[in-house]
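Asks: Pasting the sequence and the predicted coordinates here, then a few questions.
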Amino acid sequence: METLEPYKLVRSLQFVQDAVVQGDHSAMEMQRFLIGVIDTRLRQADQKVFDDPRNVDAALIYAMSGGNPATLDILAIKDKFGNFDNEVTTVLRAYLNGRAAKTQTTLNDVVKIYRDTEIGPYITLVAANVMASMNDVSALELFDWARLTAPGTLVEEAALRRSLFITSQKNMVDEALHYAQLYARRFINSPYAGQYADLLVDLVLLNYKTVGDEGLSEILSFMDRPRKREIYLRIARKAAISGLRELAVFSSDKAESLLGSNDQTPQAMAELYSGMAKIPTDGVDGVLQSINALSGARLSRRDRALREAARVVATEVVRKPVLDSFTQALPSIMAQPAVKQDDETIKLAADTEKADTEKKAESSIFRRAKSDDELNRAAEEEAFKGFVSDRKLALERIDKLLE
């Protein structure tokens, strides 16, 4: 390895990285190994090695392909013969050390200069990332150029994934669907496809009326059954938590239709998300029974917490009203003194004939009625406080479960 030219090592690294994003996950160990080997080779290389421009490009590509940023700093400092373009190394070092926003103008100039060179797609990808971090939609043009000049590579995979993120954030639904479909066709086996799945789920949840069943099915048509099922389960979970009942039930049903005979864990997940979505419906008793019947062993820790939260909510929905609740206590408490007062008034009116006795009786009744009203208000206030306290405790328990 110590005698190999850096550009040959970097070619191997590119080949391995491209194989990884195409789905060869076994190559990830080789990728880590090669990055370490190249790092050592570049740091120990004699300056004459970089008389060959291919080795200079290799060092820059290495730095932009997940290599050690400090290595580029060392090479720039050790460069005594001007083999490295100072403008390029300055820009890349700033970017790799988190100062991308301050170098955007210079970076755009570098992109124009090196567009048709070996490092062109990588420099363009870096520039697009800088613009994207500044929330600039024009980054999409650079991402498109980078991926079209490096098809089937790590550059294209990263460019597509970032383009989907930007268009989703900017609510550019049609463009986002286009990038989502391209990614599903070309890189669905990539180890970074989990990030893509998260972006796709968020896109569907926020724009389901626009995306629709047909649009989603078209994207998922490029995936195998387990991946389709995974996407539907993710959509069902987020939809259930977000209160999108119809979407949660639909996605759960679609996930269940993709289950195999041994898919017990996905089956439990689909039943949980569907049950959560159906809690506000008339069949909550059956939903509660279904949730209670789910085996916790088949669910993740997060989903077990969701199941417990759903069970608590469903239990509260079907719980019978208690006599001391505010809504039940108020009519009964208010009704009692009114009956007593009417009975006493009738009795006093029948037994009393003298005007001064009637006045005293009326005065006494007024005082008693006033005392009863105060008691009523106190009882109502206590009942209301109890009602609020009970509901607050129930909500706190649910919040803790969701956490």
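Replies: Sure, I can see it. Bear in mind the structure is a predicted one, so any value in this text is a computation, not a measurement.

Asks: Kindly state the domain boundaries assigned to the chain.
Replies: Taking automatic domain parsing as the domain assignment, the ranges for the chain are 224-319, 326-402.

Asks: ends of stretch 13-29, how far apart?
Replies: End-to-end distance of stretch 13-29 (Cα to Cα, to the nearest Å): 11 Å.

Asks: Spatially nearest residue to Y183 (excluding sequence neighbours)?
Replies: What sits nearest to Y183 in space, not counting adjacent residues and going by Cβ to Cβ, 6 or more residues apart in numbering, is L160, at 4.7 Å. Any C-beta I mention is one placed from the backbone N, CA and C, and that applies to glycine too.

Asks: thought the one you found was touching R186?
Replies: Yes - counting by Cβ atoms under 8 Å, R186 is a contact partner of L160 at 7.2 Å.

Asks: Of the two, give the one with the bigger neighbour count.
Replies: More neighbours surround L160 than the other of L160 and R186, with 24 against 18 (other Cβ atoms under 10 Å).

Asks: Angles on the backbone of the more buried one, please.
Replies: Main-chain torsions, L160, degrees, to the nearest 10: phi -70, psi -40.

Asks: got the contact list for it?
Replies: L160 makes contact with F143, R147, Y179, L182, Y183, R186, F187, according to Cβ atoms under 8 Å, 6 or more residues apart in numbering.

Asks: Show me what the helix or strand where the second one lies is packed up against.
Replies: Meaning R147. Per DSSP states H and E, R147 falls inside helix 139-149. Using 3 or more Cβ pairs under 8 Å, 6 or more residues apart in numbering; DSSP states H and E, the elements in contact with helix 139-149 are helix 120-133, helix 154-169.

Asks: outside of it, which residues touch it?
Replies: Defining contact as Cβ under 8 Å, 6+ apart, one finds that helix 139-149 is touched by 111, 115, 120-122, 124-125, 127-132, 155-156, 159-160, 162-163, 166-167, 175.

Asks: what's the angle between it and helix 154-169?
Replies: Here helix 139-149 points in a direction 150 degrees away from that of helix 154-169 (axes from the mean of the first three to the mean of the last three Cα atoms, to 10 degrees).

Asks: and helix 139-149, how far out from the chain's middle?
Replies: Put simply, helix 139-149 sits 26 Å off its chain's centre (Cα atoms, centre = their mean, to the nearest Å).

Asks: State the mean pLDDT of that helix.
Replies: Helix 139-149 comes out with an average pLDDT of 96.

Asks: Between helix 120-133 and that helix, find me the angle.
Replies: Inter-element angle recorded for helix 139-149 and helix 120-133: 160 degrees (by the same axes, to 10 degrees).

Asks: which parts of helix 139-149 are buried?
Replies: Buried residues in helix 139-149, counted by 16 or more other Cβ atoms under 10 Å: A139, L140, L142, F143, D144, W145, A146, R147, T149.

Asks: Can you flag the weakest of the domains of the chain by average pLDDT?
Replies: Of all the domains of the chain, mean pLDDT reaches its minimum on domain 326-402 (a mean of 58).

Asks: E156 is in contact with Q17, correct?
Replies: No - assessed by Cβ under 8 Å, Q17 is found out of contact with E156, at 11.4 Å.

Asks: centroid residue for the protein?
Replies: In the chain, the residue lying closest to the centroid (Cα atoms, centre = their mean) is D198, at 6.1 Å.

Asks: Run through the residues that contact that residue.
Replies: By Cβ under 8 Å, 6+ apart, the contact set of D198 is R234.

Asks: PyMOL command for the buried members of the contacts of helix 139-149?
Replies: With 16+ other Cβ under 10 Å as the criterion, this PyMOL line picks the buried residues out of these:
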select buried, resi 111+120+121+122+124+125+127+128+129+130+131+132+155+156+159+160+162+163+166+167+175
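
Asks: Next, find the distance separating T40 from L13.
Replies: According to Cβ to Cβ, to the nearest Å, T40 stands 13 Å off from L13.

Asks: got the contact list for D51?
Replies: Contact analysis of D51 by Cβ under 8 Å, 6+ apart lists F81, N83.

Asks: And it, how far from V173?
Replies: For D51, the distance to V173 (Cβ to Cβ) stands at 52 Å.

Asks: about what we covered before: so which of the contacts of L160 are in helices?
Replies: F143, R147, Y179, L182, Y183, R186, F187 (DSSP state H).

Asks: okay if I get those as TSV plus distance to V249?
Replies: Below are the ones in helices among the contacts of L160 laid out as TSV (distance: Cβ to Cβ, whole Å):
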residue	distance to V249
F143	36
R147	37
Y179	28
L182	30
Y183	27
R186	32
F187	31
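
Asks: Give the single residue among those positioned nearest to S26.
Replies: Nearest to S26 among those, counting by Cβ to Cβ, is F187 at 16.9 Å.

Asks: Quick check, M223 in contact with R229.
Replies: No - at 9.2 Å, M223 and R229 do not qualify as touching, with contact defined as Cβ under 8 Å.

Asks: Who has more neighbours out of these two?
Replies: Set M223 next to R229 and count neighbours by other Cβ under 10 Å: R229 wins out with 23 against 18.

Asks: ok, the more buried one touching G260?
Replies: No - the criterion here is Cβ under 8 Å, and R229 misses it with G260 at 9.0 Å.

Asks: Count the residues that sit near R377.
Replies: Neighbours around R377, by other Cβ under 10 Å: 11.

Asks: nope, I74 is what I was after
Replies: I74 has 12 neighbours, counted by other Cβ under 10 Å.

Asks: what does H178 give?
Replies: There are 14 residues near H178, going by other Cβ under 10 Å.

Asks: tell me the pLDDT at it?
Replies: What the model reports as pLDDT for H178 is 95.

Asks: distance of it from A159?
Replies: Using Cβ to Cβ, H178 is found at 13 Å from A159.

Asks: Repeat that for G152.
Replies: Remark: distance between G152 and A159 (Cβ to Cβ) = 12 Å.

Asks: same check, this time on I119
Replies: I119 is 15 Å from A159, by Cβ to Cβ.

Asks: Kindly report the same for I241.
Replies: Distance, I241 to A159, by Cβ to Cβ: 31 Å.

Asks: Does G67 touch D39 like I think?
Replies: Yes - applying Cβ under 8 Å, one finds G67 in contact with D39, separated by 6.4 Å.

Asks: Brilliant, that's me finished.
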